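>>> sequence and predicted structure below; questions after.
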Amino acid sequence: MLKPLFSADCEHVAWLQPQKFIFDLEMAYAAFIANGHAWSARSGLWIGPVVGSHLFDMEGRPVAWTPNEPLLGMGKPLRPVNVVRAVSPVRPPRPVSPLCPFTAPAVAGGWSPHSFAEWLVANDPKSAEPSTAAEGSENPNVPVEEIVGDPALYDAVKYYLTPIYLILHQLLSDCRPALA
């Protein structure tokens, strides 16, 4: 069952599948929950703790809450050990829009300065605008050595990836007659 999440301004901002996933209002997969923490669906990076059905930023201030549970402030959480990224869930059907609460509870330490959308991307380098520093990488005629920059790094990557490529190529070649 999905629970609605609200901002400090009592605006509906997301849906929570308790102890599993967070979806935005369009029901797009936004984050997964593991070991009491939220992790970005894009990058797999930690974005903050989850206590009950409440989402907190990295400073321990609430970002989104549900009126069904008491909301208590917390101190700055310890950064958790990274976890294995969850498999993307099936998009659930959109629930009926919930009634918004009138007021958000006052919290010791105050609310997060981040909106829900900002919280999702605040510590997520994959959500930043693409850099124009690697313009050559979009040109298929540029040698890989120039894109990587360091010849030693290129040699190391080539050394480790070539056997993997050969194994995958052989496996796919073996499967092709069965697929025809």
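Nice, I can see it.
>>> okay, helices next: where are they in the chain?
116-121, 144-148, 151-179 (DSSP state H).
>>> which residue comes closest to residue 105 once chain neighbours are left out?
Using C-beta to C-beta, 6 or more residues apart in numbering and skipping residues adjacent in sequence, the residue nearest residue 105 is residue 71, 4.9 Å away. Where you see a C-beta, it was placed from the backbone N, CA and C, and this is true even at glycine.
>>> wait, the one you found touches residue 61, no?
No: in this structure residue 71 lies outside contact range of residue 61 using C-beta atoms under 8 Å: 11.0 Å.
>>> thinking again about what came up before, check the helices of the chain for me: which has the lowest mean pLDDT.
Looking at the helices of the chain, the lowest mean pLDDT belongs to helix 144-148 (a mean of 51).
>>> residues contacting residue 41?
Going by C-beta atoms under 8 Å, 6 or more residues apart in numbering, residue 41 touches 29-32, 88.
>>> got it, and residue 28?
Counting by C-beta under 8 Å, 6+ apart, residue 28 touches residue 91.
>>> low-scoring stretches of the protein, by residue?
123-166, 168-169, 171-180 (pLDDT under 70).
>>> how is it divided into domains?
3-127, 135-179 (automatic domain parsing).
>>> thinking again about what came up before, what's the distance between the residue nearest to residue 105 and residue 32?
Note on residue 71: its distance to residue 32, by C-beta to C-beta, to the nearest Å, is 22 Å.
>>> higher neighbour count, these two?
Between residue 71 and residue 32, counted using other C-beta atoms under 10 Å, residue 32 has the larger neighbour count: 22 against 18.
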